[in-house]
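1. just to be clear, the model below is a prediction. Sequence and coordinates:
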Amino acid sequence: MGSSSKGEQPQKNLTSTMEDYLETIFDLDIDKKAIRVKDIAKRLNVKMPTVTSMLRVLSERGFINYEKYEFVELTDHGASIGKEMRRRHEVLLKFLTEVLKIEYGTANEEACKMEHTFSNETMESLTDFIEFLQSPSKSGENVARRFENFRRSVRAKKTD
């Protein structure tokens with residue numbers, strides 16, 4: 001990953017499934033000392049032969065080091081993509097849950113879909129927008145709180 005603190009846009013020659021695998025392996029690497037095929041299969045809720053097939057592809061492309069019956073290890077390039085996908089997911093999840101007040105399960109699923117499609121520019125703008133919303137205005141009022149109150153009043157009017 002470059003020196004940009006906002007992250008880099010994932011490579012577009014990767015499918016969203018490949019990005020999900022790299023993100024999952026990145027997450028598992030934080031949690032575990034050694035990552036196995038069954039760990040990935042369990043986390044992604046897929047069968048082990050499916051994982052093995054994808055790991056071969058990711059290995060051929062230089063994103064992971066993997067030999068059959070061995071542990072999985074991200075290369076530096078694979079780790080940077082996994083880390084960026086995790087960052088994108090967290091930014092989108094924060095926006096959906098903290099700003100729009102979407103229920104966590106739904107927000108998590110939708111963040112997973114959206115993280116693959118947003119450009120760098122959009123992710124940077126969204127990150128800045130979240131910070132702006134959560135900062136107090138000159139009057140000391142939190143804009144995100146104002147928005148939440150606005151939504152409640154609109155919903156109340158719709159039910160009347």
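-> All right, it came through fine. Numbering: from 1, shown residues only.
2. which residues sit in contact with residue 144?
-> Residue 144 sits next to 98-99, 133-134 when contact means CB atoms under 8 Å, 6 or more residues apart in numbering. Quick note: C-beta positions are derived from backbone N, CA and C, even for glycine.
3. quick one: buried ones out of those residues?
-> Burial by neighbour count, judged by 16 or more other CB atoms under 10 Å, picks out 99, 133 from those.
4. what is the nearest of the contacts of residue 144 to residue 156?
-> residue 99 (19.7 Å; CB to CB).
5. so what's the closest one up against?
-> So residue 99 contacts 130, 133, 144, 147 (CB under 8 Å, 6+ apart).
6. any idea which of those residues is least confident?
-> Sorting the contacts of residue 99 by pLDDT puts residue 144 at the bottom of the list (73).
7. now do the contacts for residue 24.
-> 40, 43-44, 82.
8. ok, now residue 58?
-> Contacts of residue 58 were listed using CB under 8 Å, 6+ apart, and they are 18, 21-22, 64, 66, 78.
9. looking at those residues, which are in strands?
-> Residues of the contacts of residue 58 located in strands (DSSP state E): residue 64.
10. tell me the domain ranges of the chain?
-> The chain breaks down by automatic domain parsing into domains covering 16-128, 133-159.
11. mean pLDDT lowest for which of those?
-> Of all the domains of the chain, domain 133-159 carries the lowest average pLDDT, namely a mean of 76.
12. report the buried residues of that one.
-> For domain 133-159, using 16+ other CB under 10 Å, the buried residues are 133, 144.
13. then stretch 109-120?
-> For stretch 109-120, the neighbour count (16+ other CB under 10 Å) marks 111-112, 114-116, 118 as buried.
14. please apply the same query to stretch 75-84.
-> By neighbour count on 16+ other CB under 10 Å, the buried set for stretch 75-84 is 78-84.
15. also stretch 123-133?
-> So, applying 16+ other CB under 10 Å, buried residues of stretch 123-133: 123-124, 126-127, 130, 133.
16. same question, stretch 92-110
-> Neighbour counts over stretch 92-110 (16+ other CB under 10 Å) mark 92-97, 99, 102, 107 as buried.
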